[in-house]
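**Q** Coordinates for the following, if possible.
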Amino acid sequence: MPSPIKRLMRISPQQLRAFEATARLMSITRAARELHVSQPTISVQLRQVAELIGEPLFEPVGRGIRLTLAGEALVEAVGEISATWQRFEGRLSDLRGLVRGRLRIAAVTTAEYFVPDLLGPFGALHPGIDIELAVENRDRVIARLHQQVDDLAVMMLPPDDLPLQSLPFMDNPLVVIGPAQHRLARLGHPVPLEELTGERWLMREPGSGTRWVAEKHFASHGFTPRLAMSLGSNEALKHAVGAGLGIGVISALAIGPVGPSGRAHRHSPWVRLPVEGFPILRQWSLVWRTDVPLSPPARQFVSYLEHQGKPSSKAAGPMQ
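**A** Numbers count the residues shown, from 1 in each chain. The predicted structure follows:
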């Protein structure tokens, strides 16, 4: 009978990727979609891993799944394997005297509006670096930081329970938008939050940094919004607001510069509303773990961003 170490050595990289994705997303369906394989393929790979380990890795809970104790231990082991492999890649690059390798970055959903603009010039300067960008909501980016999936993360609200270093690099103002014909659209002065008590509020999904900041802001002002709908992306929120379903809080970066009317352009179906206490000013930060050595590509990107200075953002200021 094979020894435990020989059985574990039979676990393939594909099987580990299937397990890591399922454990991170807590869904076989989403893991299959992310890895571009079928659900039965993921199920077979998970069963094979469990058989080789000799313990179940997931257990059903309601309509979903959760990790068993053995599954949690394997998540930790996979994170350590990934970190060790990244360190090895970094040492190889150092030995070669070249900046080569893979840069893994996770970014929260709103950051998709500007992160490609940062990565494009960087990639052109360093063609030997392969870049992997994962876009998730804040909760999932934090989970990836815990699991050491990525070298760096771009987010607005780094967690407090990890040893992290942050490099703030750009403003992220949050604003209120409403349908183009909203009663406040043509006001020349901000209105108190209390005047919006009867409004239908559309918010990003739980786990979103924008929602977390908005809820903290409302609570600090003793304001309870009438929550009508939660949406999983900025684009969905903009479309819902434009369709007249309510008003919502969104990053100014997701709507771009607006004119005196509060619209991005003449035919825009939504408008930025003048509300006291808005914009809520926050900053985007590049974040990395201090207990894990940065790979050479990650060090190079941190240096690149530091030397770029603080990018200006037309969306960050008040309405022009």
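**Q** C-alpha only now, for contacts and for neighbours.
**A** Will do.
**Q** Now do the strands in this protein.
**A** Using DSSP state E, the strands found in the chain span residues 58-61, 64-67, 101-108, 129-136, 152-155, 164-179, 200-204, 226-231, 247-251, 270-273, 280-289.
**Q** Redo those strands as a markdown table? Include distance to M9, mean pLDDT and mean neighbour count.
**A** A markdown table is the format used below for those (distance: least, Cα to Cα, whole Å; pLDDT from 0 to 100; neighbours: other Cα atoms under 10 Å):
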| stretch | distance to M9 | mean pLDDT | mean neighbour count |
| --- | --- | --- | --- |
| strand 58-61 | 21 | 92 | 13 |
| strand 64-67 | 22 | 92 | 16 |
| strand 101-108 | 25 | 92 | 22 |
| strand 129-136 | 27 | 92 | 16 |
| strand 152-155 | 29 | 96 | 26 |
| strand 164-179 | 33 | 94 | 21 |
| strand 200-204 | 43 | 94 | 23 |
| strand 226-231 | 43 | 93 | 15 |
| strand 247-251 | 47 | 94 | 26 |
| strand 270-273 | 56 | 90 | 28 |
| strand 280-289 | 29 | 94 | 20 |
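**Q** how about those strands in TSV, adding distance to A77?
**A** Listed next are the strands of the chain as TSV, based on distance: least, Cα to Cα, whole Å:
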stretch	distance to A77
strand 58-61	16
strand 64-67	14
strand 101-108	19
strand 129-136	21
strand 152-155	20
strand 164-179	21
strand 200-204	33
strand 226-231	34
strand 247-251	37
strand 270-273	47
strand 280-289	17
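**Q** low-scoring stretches of the stretch 51-200 of the chain, by residue?
**A** Confidence mapping of the stretch 51-200 of the chain against pLDDT under 70 gives the ranges 90-99.
**Q** what about the helices in it?
**A** With DSSP state H, counting those that start in this stretch as the criterion, the stretch 51-200 of the chain has helices at 69-96, 115-125, 138-146.
**Q** who wins for proximity to L167 among those helices?
**A** helix 115-125 (14.3 Å; Cα to Cα).
**Q** Other residues contacting that closest one?
**A** Applying Cα atoms under 8 Å, 6 or more residues apart in numbering, the external contacts of helix 115-125 come out as A107, I129, D130, I131, F301, Y304.
**Q** do that again at 10 Å, thanks
**A** Contacts of helix 115-125 with the rest of the structure, by Cα atoms under 10 Å, 6 or more residues apart in numbering, involve 105-108, 129-131, 133, 135, 154, 300-301, 304-305, 308.
**Q** Tell me which of the helices of the stretch 51-200 of the chain sits most buried.
**A** helix 138-146 (a mean of 20; mean count of other Cα atoms under 10 Å).
**Q** The most centrally placed residue in the chain: what's it in contact with?
**A** The residue lying closest to the centre of the chain (Cα atoms, centre = their mean) is V108, at 2.0 Å. For V108, the contact set (Cα under 10 Å, 6+ apart) comprises 115, 134-142, 153-157, 208-210.
**Q** Distance to A219 added to the helices of the stretch 51-200 of the chain, as JSON lines?
**A** Formatted as JSON lines, the helices of the stretch 51-200 of the chain follow (distance: least, Cα to Cα, whole Å):
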{"stretch": "helix 69-96", "distance to A219": "35"}
{"stretch": "helix 115-125", "distance to A219": "31"}
{"stretch": "helix 138-146", "distance to A219": "20"}
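**Q** Tell me which of these sits nearest to A236.
**A** With Cα to Cα as the measure, helix 138-146 is the member of the helices of the stretch 51-200 of the chain nearest A236 (17.2 Å).
**Q** what's the angle from that closest one to helix 69-96?
**A** Going by axes from the mean of the first three to the mean of the last three Cα atoms, to 10 degrees, helix 138-146 is angled at 70 degrees with respect to helix 69-96.
**Q** if we can go back for a sec, for the contacts of helix 115-125, which one is nearest A180?
**A** V108 (27.7 Å).
**Q** ok, that closest one to R30 distance?
**A** 17 Å (Cα to Cα, to the nearest Å).
**Q** can you check V149 too?
**A** To R30, V149 is 17 Å away according to Cα to Cα.
**Q** Please say which of these two ends up with more neighbours.
**A** Neighbour totals were compared for V149 and R30, and V149 leads with 21 against 15 (other Cα atoms under 10 Å).
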